[in-house]
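Student: here you go, sequence then predicted model.
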Amino acid sequence: MTEEKLSFQAEVSKLLHIVTHSLYSNKEIFLRELISNASDACDKLRYESQTDSSLSEGDSDFRITLKVDKDAKTLTLADNGIGMNHDDLINNLGTIAKSGTEAFIKAAEASGKADVNLIGQFGVGFYSSFMVAEKVEVTTRKAGEDTAWLWTSAGEGEYTINEATRDSHGTTITLYMREDQGEYLEDMRLRNIVTTYSDHIDIPIVLLGEKEENLNSASAIWTRQSKDISEEQYKEFYHHVAHAFDDPWLTMHNHVEGVIEYTNLLFIPGTRPFDLFTPERKNHLKLYVNRIFITDDCDEVIPQYLRFVRGVVDSGDLPLNVSREMLQHNPVLAKIKTGLTKKVLGELKKKAKKDAEGYATFWENFGAVMKEGIYEDFAHQKECLALARFKSSNGDAWTSLEDYVSRMKEGQDEIFYISGENLDALKRSPQLEGFKAKGVEVLFMTDPIDEFWIPNVAQFEEKKFQSITKGGADLSKIKKDGEDKDSADKEDSADKDGVDRLCAAFKAVLGDDVQEVRSTDRLTDSAVCLVASETAMDRNLQRMLKQHGQSVPDDAPILEINPSHSLVKKLVDLSADGTSQTIDDAAHLLLDQARIIEGETVPDMTAFAKRMTSAMEKGLV
Ligand code: ADP
Ligand code: MG
C-alpha cells in the first residue's frame, strides 16, 4: 500500500493552530495527556481480554514506557494497550468528537489567545503533543489484527498513514522535539512530571535508560487508605478519571462492607461540565471489578439525577466476566446504586449545613439536575426536597423550603411560587405586587423541571405549593405585618358594585379571549394581570409546551383587575353610563398589555396599535 495523505477535520486544524501557536505555558501537560491515553488503551484491552483472552496473548503485562534519544531529540512513549487500526486512526486522530474541545476552540477564538486557564478548563488530549513536538509519529497495531500502521504529522493541516510493522499490539508515539523543548529530554524533568500528574495511573510507567526505572506507584488509588492520599493526588486522579481540569468540590472515598462489598472514590466537580443537559443524561462513573475496568457506560450504577458525579466504583461482588447487558438487572449493582445514592445525598446534606456558601455554588451548578431527583426518585424524594434551594422575593440568597416555611406569615398556609424561565422577569411580575406589599415571600421557579415536580410533590411539611399565577392563590387570609385583617382591606378601592359592573363590561367586550374578568388583591401598582384558573395548566407550563411544539389545551386566562388603581377607578366611573368605545378599547388594551408582560405576543398587532394611538391622542388633548 502506498502512502495516504489526509487532511485534518477543520476543527482539528483550528485546535492544532491554537495549540502550536498560542499555548505558551504549562506545556508539560502533553505528557499527562499521552500517558492518560495509554492507560485508557490498556484498560480497554484488559477489559476486552476478559471475553477473548487471545487478544492480549503474549503481551499482557500492561505497562507504559518512556525512552529518550538525545541525539535524535526524540521522546518515545509506548504502551501495550488496545492499539488502533487504520480507521481508528482516522476517527481518533483526525477528527474531534468531544463537545469540550469545541467549546475550547470557541473560547480560545473569542479571547484571541489560549492561556493556561483555558487549557486548564478543557484539556486538549493527543493534540497537545504538538505544543512541544514539530513532528509526531504514531506506530500502532490493534489487538487481534496483524497489520500495523504509521501515522505521521507535523500538526499543520495534514497527516499521512502508511503500513508499518510492530511486534505486538499497542501504540508507540515518537515526538520529535522542537528546538527549544530540550527539557523534555531530561530524565529529571520527566520523572518530575510523571509524579506530579500521573502517579495515580495504576499500571507501571517505566523510564527506559541504562536501567529501567519505575516512575509511579502504580496502585489503583482507590484501593489505598485515604489517609495515605494527598489532596493533590486526589485532584490529579479526578482530572484523569473525569477528563476534567477544575478542582473537585467534594471528594467521597470510602469502602463499604456488609451484604455487598465495594469501594467508591467519587467526586463532585467544582464547575459545571458541558454535557449535563444532553438528552441521554448519561452518567460517567467508571465501574471496576477487582481493579479491572469494566465500563463507563452503565446506567445502573447511579441515578441519572446524580450524573454530575464523577469517579470510580470497584466491587468484588460482581462477576469479572459480567457483560454490559448483564449489568441491566443485576441485584448487586442495584444495591450499590442505592448505597451510592445515600452516600452522595448524605454528604450533600452535611455540606449544606457546614458550608452554606459552597453549597450555594454547588446548587448553582447542579441544582437543575438535582431537582430531577425530586420528580424521579420517590424513595429519596424527601432528601432531595430538603437539599433543594430556591431564589425568592425575600432577597438574593438561596433559600431552602424549611427556611421558607419558618418565615411564613400568620394566616399563610401555602408555599407561594411563581415560575418562568427568566429570573429578572419573574421579579417584575405584576402578580407579585400584592405579595410584596404584604411581605409574603414567593419562591422563583426558573428550571423547566419545576413544572413537573411541583404538581407531583404537591406539598412540603403539609404546606401546599401554590402558584401565584393561578386563580386559587388567596392573599386575603394573610395579615400584613402590624395590621389587623379588617383594616387591611383596601380603603381607597373603587366601590364593589362599580368594579363588578366594569368586570362584566370587560367580559362582554373580550368574549372567549378570557375565561373571566374579576377584581383582585394581588396587584398594587399594575392595573391588570393574567392568571390561570385553579384547575387549568399553569401558564408558564403552557408556554413551555407550546415552545416545544406540543399541543396544549386552549384554556383562556382570567383577567384580574386592580380596584385601587386610578385608571380602573376612572373606568369604573365611566362604565356607570353604559359601555362605550373607551371601555371597549381599554378592555382590549389592558388584556394585550397583560399578555406582553407575560412574554406572550399580541394576537392582533394592528388593532393594538390603532387603539394605542387613539388612547394617546385622547390623553394629549
Ligand atoms: P480523549 O482521550 O479525551 O478521547 P485524545 O485526544 O486524548 O482524547 O485521544 C483521542 C482518541 O485517540 C482516544 O479517545 C483514543 O481512542 C485514541 N488514542 C489516543 N491515544 C491512544 C493510544 N495510546 N492507544 C489507543 N488509542 C489511543
Ligand atoms: Mg486523552
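Tutor: Yep, that arrived. Bear in mind that the values here come from a model prediction, so they are computed numbers and not experimental data. Ligands and ions are numbered 1, 2, ... in the order given.

Student: from here on, contacts and neighbour counts on C-alpha atoms
Tutor: OK.

Student: contact partners for the residue nearest to residue 74 when sequence neighbours are not counted?
Tutor: Among residues not flanking residue 74 along the chain, residue 176 sits closest, at 4.7 Å (C-alpha to C-alpha, 6 or more residues apart in numbering). Counting by C-alpha atoms under 8 Å, 6 or more residues apart in numbering, residue 176 touches 72-75, 133-136.

Student: ok, now residue 392?
Tutor: Residue 392 touches 398-399, 441-444, counting by C-alpha under 8 Å, 6+ apart.

Student: within the sheet, what are the partner strands of the helix or strand where residue 252 lies, with directions?
Tutor: Secondary structure assignment for residue 252, by DSSP states H and E: strand 248-256. As defined by DSSP bridges, the strand partners of strand 248-256 come to strand 262-269 (antiparallel).

Student: could you give the mean pLDDT of the strand it pairs with?
Tutor: Average pLDDT, strand 262-269: 97.

Student: contact partners of the next helix or strand after that strand?
Tutor: On the C-terminal side of strand 262-269, the closest following helix or strand by DSSP H and E is strand 284-289. Among residues not part of strand 284-289, those counted as contacts by C-alpha under 8 Å, 6+ apart are 241-242, 293-298, 301-302, 307-320.

Student: what are the ranges of the strands in the stretch 101-250 of the chain?
Tutor: Along the stretch 101-250 of the chain, counting by DSSP state E, counting those that start in this stretch, strands occupy 133-141, 148-153, 158-164, 170-177, 205-208, 213-214, 248-256.

Student: which stretch among the ones you listed comes nearest ligand 1?
Tutor: strand 170-177 (5.1 Å; C-alpha to the nearest ligand atom).

Student: returning to what we had before: buried subset of the contacts of residue 176 as a ChimeraX selection?
Tutor: Entered in ChimeraX, the line below selects the buried ones among the contacts of residue 176, by 16 or more other C-alpha atoms under 10 Å:
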select :73,74,75,133,134,135,136
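
Student: so which of the contacts of residue 176 comes closest to residue 390?
Tutor: Residue 390 has its nearest neighbour among the contacts of residue 176 in residue 133, at 50.3 Å by C-alpha to C-alpha.

Student: quick one: that closest one and residue 175 touch, right?
Tutor: Yes - assessed by C-alpha atoms under 8 Å, residue 133 is found in contact with residue 175 at 5.5 Å.

Student: where does pLDDT dip in the stretch 151-300 of the chain?
Tutor: Within the stretch 151-300 of the chain, not a single segment meets pLDDT under 70.

Student: please apply the same query to the chain.
Tutor: For the chain, the ranges with pLDDT under 70 are 1, 22-25, 97-104, 107-108, 110-124, 320-324, 481-491, 621.

Student: which helix or strand contains residue 361?
Tutor: Taking DSSP H and E as the criterion, residue 361 maps to helix 356-376.

Student: let's see which of the contacts of strand 284-289 end up in strands.
Tutor: In strands, defined here by DSSP state E, the members of the contacts of strand 284-289 are 293-295, 310-314.

Student: now do the same contact list for the residue in the chain that ligand 1 sits nearest to.
Tutor: Using C-alpha to the nearest ligand atom, the single residue of the chain nearest to ligand 1 is residue 125, 3.3 Å away. By C-alpha under 8 Å, 6+ apart, residue 125 lies in contact with 30, 33-34.

Student: repeat that for 10 Å
Tutor: The contact partners of residue 125, taken as C-alpha atoms under 10 Å, 6 or more residues apart in numbering, are 29-34, 36-37, 101, 243.
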